[in-house]
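>>> I need the structure of the sequence given here:
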Amino acid sequence: MPMSEFSTVSPRNYARYQGKTYVAHERVASSVRLNDIDTGNEIAAVPIDDLDEWYATTVKGIFLDHDFQVLMENSESYLLLFIAGDGQWAARTWAQEDKYPGCSFSQLDRFTFEVTVPKEMVTDAHEERRDILGPWRRKQEGLR
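Prediction:
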């Protein structure tokens, strides 16, 4: 399936500024560029110290009893990423693609594997959130 039919799921960075959540598009010096979630339009570059929150989200799920990161999705499928972990298992599984109809496997490098799978083959799809602002502020305090 062409990648254009998929929309990005994770990882994504977000920031809350003045009570509203934005996509935290890019860090520039001590600022973060904020984009409107709905339109994608850039709103402003805001000093990190002025943010209420800044965090990253990653969507994960289980496929064939192994943890994967969900990179992209469309109405029927997920594009999953498997990094390191049990690389021997992944290499064996990717070599037996015919055992998994509807799945499309690729190996990006020695330790990185991707697979497009029907959504019903993924269980426990959930979002994990990691704070970025707290560690950034602690680091800044240590520099002062």
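
>>> hang on, Q88 is in a strand, isn't it?
No: going by DSSP: H, G, I helix; E, B strand; the rest coil, the assignment for Q88 is helix, not a strand.

>>> assign a three-state SS to S10, would you?
Per three-state DSSP, S10 ends up coil.

>>> what pLDDT does it get?
At S10, the pLDDT value in this model is 87.

>>> and for S106?
Model confidence at S106, given as pLDDT, is 91.

>>> which regions of this protein lie under the pLDDT threshold?
Applying pLDDT under 70 to the chain flags the ranges 1-4, 84, 144.

>>> which stretches of it form helices?
87-94, 133-143 (DSSP state H).

>>> run the chain-centre distance for the last one.
The reference is to helix 133-143. Computed by CA atoms, centre = their mean, to the nearest Å, the separation of helix 133-143 from the middle of its chain amounts to 24 Å.

>>> of all the residues in that helix, which ones are buried?
Neighbour counts over helix 133-143 (16 or more other CB atoms under 10 Å) mark L133, W136 as buried. All C-beta atoms are positioned from the backbone trio N, CA, C, and that covers glycine.

>>> nice, that's everything, thank you.
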